[in-house]
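Chemist: coords please:
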Amino acid sequence: MSNSYRRREFLSKLGVGAAALPFVAGLPAVMGAQPAGPLKRKNKQRVIVMFSPNGVVQDQYWPETEGADFELTPILQPLADFKDKMLLLHGVSNKVGGDGDSHMRGMSCLLTGAELLPGNIQGGSNTPAGWASDISVDQELKNFLQSQPTTATRFGSLEFGVEIRNEADPWTRMVYAGKNRPIAPTQDPYSMFTRMYGRSKDDDLLRSVLDDVKDQLKSVGSRVGKEAQEMMQEHQSFVSEMERDLREAAQQKLDLPAPNLEDGVSLRQSNMPKISRMQIDLLVNGFANNMNRVATLQYSNSVGQVRMKWLGINEPHHQLSHDPDMKEDSQKKLTKINQWFAGEMHYLLKRLAETKEPGTDESLLDNTLVIWTNELGKGNSHTLQNIPMLLVGSAAGFKMGRYLKLGNVAHNRLWMTLTSAFGHELESFGVKNLCDGGKLNLA
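Modeler: Down below sits the predicted model:
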């Protein structure tokens with residue numbers, strides 16, 4: 001087997017291509033970086049953003065009663081075990097304007113709170129658009145936590161995907177390392193497993209790849225303009241960090257053994273339930289071993305057309321979401337689809353709740369906040385108002401076990417409230433004038 005073939009195979013297992021290697025945000029985390037020392041803070045705050053697409057069936061999702069006595073609607077019923085740990089927020093809206101259709105802005109502005117850049121990707125509106133123009137809140141938190149020795153971890157964040165369309169566009173990306181820098185989620189659990197646990201055996205191969213990348217960067221760097229040269233310097237710094245980590249990396253001691261993944265599960269829609277559970281198991285294991293403090297779990301994508309045949313539903317999800325409210329059969333199927341997503345969230349919460357913090361009597365859920373959200377409030381109207389926002393867990397210090405109606409507040413203010421709960425105070429996040437009023441009072 002040739003060395004070049006082995007390199008391509010190695011990079012493929014990591015979920016990146018050789019050409020993309022120096023451009024992947026958070027690249028130093030690809031190999032086994034120096035594990036962080038034990039955390040001194042008692043509260044190991046963590047956050048997970050879970051995404052499902054195409055809006056919700058309003059009367060099957062939102063309760064009628066506000067406050068602590070809210071009833072569990074059919075879509076939320078699978079989460080009954082965690083009602084006292086829930087905070088359901090009605091009236092959080094994506095008010096970001098600008099180019100792109102509602103699906104595009106709903107997806108790529110969801111975590112960034114920032115407008116899309118001009119571009120040539122044409123959606124259902126009159127104005128084409130490009131990528132988001134700012135960092136997403138998960139990466140903002142990651143950078144803040146990674147900047148401090150007491151909260152820095154091996155990866156900082158991990159991005160998990162389940163049945164996402166292969167195309168890279170504003171409908172498929174919600175995580176951004178910065179302006180014009182989308183981060184692709186890893187859909188293949190075997191690739192994620194290799195990234196999390198495959199370390200020293202690949203070090204020599206990675207060194208060889210890095211040598212080639214350094215030479216390519218030097219060659220290209222002398223032939224581009226000033227702005228491009230600045231980007232090349234940033235990529236070179238990524239390579240330097242990886243080389244440093246290779247020199248200093250020590251074998252990581254795992255508090256929780258790596259999960260045993262079922263062999264031979266292919267990436268096809270019929271295997272979506274299996275892939276989901278494998279990804280969740282890996283996510284929980286990463287938290288237990290202090291590999292990261294931030295994670296995203298993205299199911300499908302905006303305009304997602306998954307056919308959930310295991311639920312007895314043959315129509316594509318997005319197609320169903322366009323049917324009118326009066327079409328009862330479609331509403332029942334959409335409710336069933338969202339109940340399935342709620343069931344996967346229940347599995348995630350259960351795994352967090354039953355997994356102990358190493359050396360303590362606390363569970364991972366005691367120190368984790370899980371946020372389940374969507375790019376739309378309602379599928380057939382494409383509204384960006386009343387975006388579903390369900391928060392579960394104790395990490396943020398919010399008062400849980402209740403349903404709040406907030407009126408019509410910009411979701412930028414919710415993300416400011418989230419970062420503040422982690423000790424990261426921001427004067428604004430995303431579009432500045434959408435932050436008027438500041439943080440929300442969720443205490």
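Chemist: Please report how far the residue nearest to Glu64 when sequence neighbours are not counted lies from Lys83.
Modeler: Nearest residue to Glu64 in three dimensions, chain neighbours excluded: Glu71, at 6.9 Å (C-beta to C-beta, 6 or more residues apart in numbering). C-beta coordinates here come from the backbone N, C-alpha and C atoms, glycine included. Look at Glu71 and Lys83: by C-beta to C-beta, to the nearest Å, they are 10 Å apart.
Chemist: try Lys327
Modeler: Taking C-beta to C-beta, one finds Lys327 at 31 Å from Lys83.
Chemist: With neighbour numbers in mind, choose between those two.
Modeler: Shown here are Lys327 and Lys83; by other C-beta atoms under 10 Å, Lys83 has more neighbours (18 against 14).
Chemist: Tell me where the model's unsure across this protein.
Modeler: Residue ranges of the chain with pLDDT under 70: 1-43, 199-252.
Chemist: Scan it for its longest helix.
Modeler: In the chain, assigned by DSSP state H, the helix with the most residues is helix 328-354.
Chemist: What residues sit buried inside that one?
Modeler: 330-331, 333-342, 344-349, 351-353 (16 or more other C-beta atoms under 10 Å).
Chemist: In three-state terms, how would the spatially most central residue of the chain be classified?
Modeler: The C-alpha lying nearest the average C-alpha coordinate of the chain belongs to Thr296 (C-alpha atoms, centre = their mean; 2.2 Å). At Thr296, secondary structure determined by DSSP: H, G, I helix; E, B strand; the rest coil is strand.
Chemist: what pairs with it across the strands?
Modeler: Note on Thr296: beta-bridge partners by DSSP bridges are Val49, Glu159.
Chemist: Against Leu267, how distant is it?
Modeler: From Thr296 across to Leu267, the span is 18 Å (C-beta to C-beta).
Chemist: Helix or strand: which one has Met192?
Modeler: Assigned by DSSP states H and E, Met192 falls within helix 189-197.
Chemist: Quick one: distance of that helix to the chain centre.
Modeler: The gap between where helix 189-197 is centred and where its chain is centred comes out at 17 Å by C-alpha atoms, centre = their mean, to the nearest Å.
Chemist: Centre of the chain to the helix or strand where Asp59 lies, how far?
Modeler: If you go by DSSP H and E, Asp59 is part of helix 58-61. With C-alpha atoms, centre = their mean as the basis, helix 58-61 stands 25 Å off its chain's centre.
Chemist: try stretch 410-420
Modeler: With C-alpha atoms, centre = their mean, you get 16 Å for stretch 410-420.
Chemist: Pull it out as PDB, backbone CA atoms only.
Modeler: Output in PDB follows, covering the C-alpha atoms of stretch 410-420 (Å, rounded to 0.1, in the frame of the first residue of the first chain):
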ATOM      1  CA  ALA A 410     -34.600  38.300  19.600                       C
ATOM      2  CA  HIS A 411     -32.700  35.100  20.000                       C
ATOM      3  CA  ASN A 412     -29.500  37.100  20.200                       C
ATOM      4  CA  ARG A 413     -30.500  38.000  23.700                       C
ATOM      5  CA  LEU A 414     -30.900  34.300  24.600                       C
ATOM      6  CA  TRP A 415     -27.400  33.500  23.400                       C
ATOM      7  CA  MET A 416     -26.000  36.500  25.500                       C
ATOM      8  CA  THR A 417     -27.800  35.000  28.500                       C
ATOM      9  CA  LEU A 418     -26.200  31.600  27.800                       C
ATOM     10  CA  THR A 419     -22.700  32.900  27.600                       C
ATOM     11  CA  SER A 420     -23.200  34.900  30.700                       C
END
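Chemist: list the buried ones in it?
Modeler: Within stretch 410-420, the residues scored as buried using 16+ other C-beta under 10 Å are 410-420.
Chemist: Go through these and flag which are in strands.
Modeler: Using DSSP state E, the subset of the buried residues of stretch 410-420 located in strands is Ala410.
Chemist: Make JSON lines from the buried residues of stretch 410-420 and add distance to Leu311 to it.
Modeler: Below are those laid out as JSON lines (distance: C-beta to C-beta, whole Å):
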{"residue": "Ala410", "distance to Leu311": "35"}
{"residue": "His411", "distance to Leu311": "30"}
{"residue": "Asn412", "distance to Leu311": "35"}
{"residue": "Arg413", "distance to Leu311": "36"}
{"residue": "Leu414", "distance to Leu311": "31"}
{"residue": "Trp415", "distance to Leu311": "32"}
{"residue": "Met416", "distance to Leu311": "37"}
{"residue": "Thr417", "distance to Leu311": "35"}
{"residue": "Leu418", "distance to Leu311": "32"}
{"residue": "Thr419", "distance to Leu311": "37"}
{"residue": "Ser420", "distance to Leu311": "39"}
